[in-house]
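Student: coordinates for the following, if possible.
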Amino acid sequence: MGKVVDILLVFTQLTLGMLGVLGIATSEASTGLIIRQTIAVFAGLGLTYTVARFSPKRIIKNSPLFYVITLLLLILVLFIGSTPAGSAGKRWLLLGPISFQPSELMKVAIIAYLTAFFYNHYGNWELWRPMLLVGAAVGLILLEPNFSTSLFIFYLAIAIMLIAGTRLVRLFSIGIASSIVALLFAIPLVGKYGYFVERISHFINKNPEVYIGSQADLASRALRNAGFFGIGPGTARYVPEAHTDMIAISIAQALGLTGIITVIILYIFIAGRGVRIAAETRGPGSLLAAGATAYICSQAALNLLVASGLLPVTGVVLPFVSHGLNSMVSVSIALGFLHSAYRQARLTGARL
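Tutor: All right, here's what the predicted structure looks like:
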């Protein structure tokens, strides 16, 4: 197995997953939810191993088809998408008992496609292609509406282009053009983004009438009460969505500051390992590894900043930790990209 995957990254993924199961148990979730998350953790490991077996060149060879299928699914969401109770828009496709969120899959589709684009063109990059592809993906997600995910995918695309060596002038041009394409989709529904403006306003002003008793306020109180070693599972203060985007609060309640520091160290390890693998890999594997690392660690940082009260609530989940099959599938594929690059680097004699 060590010849296919990086054992240290496998251990890190498993540890984060088990911390997530603990966090869900602490949030007083049902036994069924805990069991489903445990299954999702091991299914994610299996998916990571499956993706890792593909070479980077094979991954990017199939990336255009992967991108097109994901884009078609985003279009399908707008027509037959599901809107669960309490949600702000259509974001899910129902496949029998499973709810599927194509916007999560687009995060890895963008990484794979842009890697293929920059690898195949060797600096002769046509402006309209990344502009149109990124803009279309972001615009369709804005239509759901899902502002935080669309903004994150836009950031991820810009990060990959920057890592690929795109000059700043060209990068700026692509960014502006992609934004225009995305806004052409979103302008007709601009009124639906009032919820996002309200979140920012409440975060900045901390209006007591709104803030006290809110998710952010309850999370802040829970963190203060947890102490250094926590209060153990099953005795949590109720925080809305404590098993999804606020899972870090549940872990803090169970294990205290020790638990949160452990989570942060694990993500720092993924970041350091990912950067080293990207540096030691040649060809498309290098950009795949860098893109996957940027995705996993940036989303983790964003989630933890929200949980700590330093950013307004965005709904972005914690990779490998939060409950939910959609995010688990996406980040497991991304880590598979990292393992694929690792194997390529090992085959060329790199010492990792």
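Student: C-alpha from now on. contacts and neighbour counts both.
Tutor: Noted.
Student: please identify the buried residues of stretch 309-317?
Tutor: Buried positions in stretch 309-317, judged by neighbour count with 16 or more other CA atoms under 10 Å: Leu311, Pro312, Val313, Thr314, Gly315, Val316, Val317.
Student: out of the residues you listed, who's nearest Gln13?
Tutor: Of all these, Gln13 sits closest to Val317, with 15.3 Å by CA to CA.
Student: quick check on that closest one: phi, psi?
Tutor: phi -90, psi 170 (degrees, to the nearest 10).
Student: contacts only, for the closest residue to it other than its chain neighbours.
Tutor: Leaving out its chain neighbours, the residue that sits closest to Val317 by CA to CA, 6 or more residues apart in numbering is Asp245, at 4.3 Å. Contact partners of Asp245, counting by CA atoms under 8 Å, 6 or more residues apart in numbering, are Asn303, Gly315, Val316, Val317, Leu318, Ser322.
Student: please redo it, this time with the cut-off set to 6 Å
Tutor: Gly315, Val316, Val317 (CA atoms under 6 Å, 6 or more residues apart in numbering).
Student: and Gly46, how close does it get to Ala116?
Tutor: 25 Å (CA to CA, to the nearest Å).
Student: neighbour count winner among these two?
Tutor: Ranked by neighbour count (other CA atoms under 10 Å), Gly46 and Ala116 place Ala116 first, with 22 against 15.
Student: confirm the more buried one sits in a helix?
Tutor: Yes - counting by DSSP: H, G, I helix; E, B strand; the rest coil, Ala116 is part of a helix.
Student: now do the contacts for it.
Tutor: Applying CA under 6 Å, 6+ apart to Ala116 gives the contacts Ile60.
Student: Gly96 now?
Tutor: For Gly96, no contacting residues are found, by CA under 6 Å, 6+ apart.
Student: need phi/psi at it.
Tutor: Note on Gly96: its backbone torsions stand at phi 70, psi -130 [degrees, to the nearest 10].
Student: how about the helices in the stretch 201-350 of the chain?
Tutor: With DSSP state H, counting those that start in this stretch, the ranges of helices along the stretch 201-350 of the chain come out as 208-211, 215-226, 247-280, 284-307, 325-347.
Student: single out the most deeply packed of those helices.
Tutor: Highest mean neighbour count among the helices of the stretch 201-350 of the chain (mean count of other CA atoms under 10 Å): helix 325-347, with a mean of 26.
Student: CA atoms only: put it into CSV for me.
Tutor: This file holds the C-alpha atoms of helix 325-347, laid out as CSV (Å, rounded to 0.1, in the frame of the first residue of the first chain):
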residue,chain,number,x,y,z
LEU,A,325,-21.1,12.8,2.0
ASN,A,326,-20.7,15.6,-0.6
SER,A,327,-17.7,17.3,1.0
MET,A,328,-16.2,13.9,2.0
VAL,A,329,-16.3,12.8,-1.7
SER,A,330,-14.8,16.0,-2.9
VAL,A,331,-11.9,16.2,-0.5
SER,A,332,-11.2,12.5,-0.7
ILE,A,333,-10.7,12.9,-4.5
ALA,A,334,-8.5,15.9,-3.9
LEU,A,335,-6.3,13.9,-1.5
GLY,A,336,-6.2,11.2,-4.1
PHE,A,337,-4.6,13.7,-6.5
LEU,A,338,-2.0,14.3,-3.8
HIS,A,339,-1.3,10.6,-3.4
SER,A,340,-1.1,10.2,-7.2
ALA,A,341,1.6,12.9,-7.4
TYR,A,342,3.4,11.3,-4.4
ARG,A,343,3.6,8.0,-6.3
GLN,A,344,4.9,9.7,-9.4
ALA,A,345,7.6,11.5,-7.3
ARG,A,346,8.6,8.2,-5.7
LEU,A,347,8.9,6.6,-9.2
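Student: same for it, what does it pack against?
Tutor: helix 31-52, helix 284-307 (3 or more CA pairs under 6 Å, 6 or more residues apart in numbering; DSSP states H and E).
Student: distance from it to the middle of the chain?
Tutor: Chain-centre distance of helix 325-347: 13 Å, with CA atoms, centre = their mean, to the nearest Å.
Student: then stretch 22-36?
Tutor: Taking CA atoms, centre = their mean, the mean C-alpha location of stretch 22-36 is offset from the chain mean by 21 Å.
Student: with stretch 168-176 instead?
Tutor: Centre to centre, stretch against its chain (CA atoms, centre = their mean), the figure for stretch 168-176 is 24 Å.
Student: residues making contact with that stretch?
Tutor: So stretch 168-176 is contacted by Met131 (CA under 6 Å, 6+ apart).
Student: endpoints of stretch 314-326, how far apart?
Tutor: The straight-line separation of the ends of stretch 314-326 (CA to CA) is 17 Å.
Student: roughly how far is it from the heart of the chain?
Tutor: Using CA atoms, centre = their mean, the offset of stretch 314-326 from its chain centre is 7 Å.
Student: can you list the neighbours in contact with that stretch?
Tutor: The contact list for stretch 314-326, computed with CA under 6 Å, 6+ apart, reads Leu16, Gly17, Gly20, Ser148, His243, Thr244, Asp245, Ile247, Ala300, Asn303, Met328.
Student: likewise stretch 286-296?
Tutor: Contact with stretch 286-296 is made by Ile111, Thr115, Ile160, Ala271, Gly274, Ala278, Ala334, Phe337, Leu338, as judged by CA under 6 Å, 6+ apart.
Student: noted, bye for now.
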